[in-house]
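just need the structure, nothing else, for what follows:
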Amino acid sequence: MKLLILNGPNLNLLGVREPEIYGNGTYADLCKLIEAHAAAIGAEIEIRQTNHEGVLVDWIQEARGKFDGIVLNPAAYTHTSVALLDAVLAAGVPTVEVHLSDPDRREPFRRVSYVRPACVACVKGRGPEGYLEAMNLLKLKIDS
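Sure, this is the predicted structure:
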């Protein structure tokens, strides 16, 4: 099983940006956690982060035929990007939307996800562990 782990804007600032919401762990800590879990479940992974919407769109499109699943934290683009929705739909790769915080418990504008209708599941509000849950959900879907 080959998974693409995609992270959107400002996730490179984990540990610095709003630790009361996102915790004190760094982006490097998150990557180490994901890598350890991938090894434990026998998954091959690539982890990427960008602050640019078009780069995320390109990566999602490129996943077709190369990856079995995508774990996508679109971050702020969750609430604004029809382009990411269209990319996930066009790629046809099972995708799980993931968020460190729970957008439904935050500002009203964060409660809208343009990406979610194209995803097989959404994991939110579980901190870094949410990525592991998303990987597990994809493994179940791919193995079935």
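
what's the helix or strand of the chain with the lowest mean pLDDT packed up against?
Across the helices and strands of the chain, mean pLDDT, DSSP states H and E gives its lowest value to helix 19-22, namely a mean of 80. Packed against helix 19-22 by the contact rule (3 or more C-beta pairs under 8 Å, 6 or more residues apart in numbering; DSSP states H and E) you find no helix or strand. To be clear about C-beta, it is placed using only N, CA and C from the backbone, and glycine gets the same treatment.

tell me which element Arg48 falls in.
Assigned by DSSP states H and E, Arg48 belongs to strand 44-49.

restrict that strand to CA atoms and write it as PDB.
What follows is strand 44-49 as a C-alpha-only set of coordinates in PDB (Å, rounded to 0.1, in the frame of the first residue of the first chain):
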ATOM      1  CA  GLU A  44       5.000   3.100   1.900                       C
ATOM      2  CA  ILE A  45       4.500   6.800   2.200                       C
ATOM      3  CA  GLU A  46       5.500  10.200   0.900                       C
ATOM      4  CA  ILE A  47       4.800  13.200   3.100                       C
ATOM      5  CA  ARG A  48       4.600  16.700   1.500                       C
ATOM      6  CA  GLN A  49       3.700  20.200   2.700                       C
END
